[in-house]
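Peer 1: Just the structure for this:
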Amino acid sequence: MGLKGSDYSQDELDNHSRNMNPDDDQYWASRGLERPDDDD
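Peer 2: Numbers count the residues shown, from 1 in each chain. As a prediction, the model looks like this:
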């Protein structure tokens with residue numbers, strides 16, 4: 001179990017976190033977009 005009292009598994013919580021993080025490639029892939037280049 002992920003968070004105490006949570007109905008979500010740790011894998012589900014990790015997946016959600018990756019999908020909400022624009023620094024993660026999965027964020028862009030889940031939106032059908034390509035990640036922009038980091039040319040800083």
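
Peer 1: got any ranges where this structure has weak pLDDT?
Peer 2: 1-4, 39-40 (pLDDT under 70).

Peer 1: which SS class is the residue nearest the centre of the chain?
Peer 2: By C-alpha atoms, centre = their mean, the chain has its centre lying nearest to Arg18, at 1.3 Å. Using DSSP: H, G, I helix; E, B strand; the rest coil, the structure places Arg18 in helix.

Peer 1: Tell me how many other residues surround Glu34.
Peer 2: Counted with other C-beta atoms under 10 Å, residues neighbouring Glu34 total 9. In this view, the C-beta of every residue, glycine as well, is placed from N, C-alpha and C.

Peer 1: that older thread, how about the residue nearest to the centre of the chain, what does it touch?
Peer 2: 24, 26-27 (C-beta atoms under 8 Å, 6 or more residues apart in numbering).

Peer 1: Just the ones of those residues in helices?
Peer 2: Under the assignment DSSP state H, the contacts of Arg18 contribute 26-27 to helices.

Peer 1: Against Glu12, how distant is the residue nearest to the centre of the chain?
Peer 2: To Glu12, Arg18 is 11 Å away according to C-beta to C-beta, to the nearest Å.

Peer 1: what does Gly32 give?
Peer 2: Taking C-beta to C-beta as the measure, Gly32 falls 21 Å from Glu12.

Peer 1: And these two? Which one has more around it.
Peer 2: Taking other C-beta under 10 Å, Gly32 and Glu12 do not tie; Glu12 has more neighbours (12 against 6).

Peer 1: That one: helix or strand, and which one exactly?
Peer 2: helix 10-19 (DSSP states H and E).
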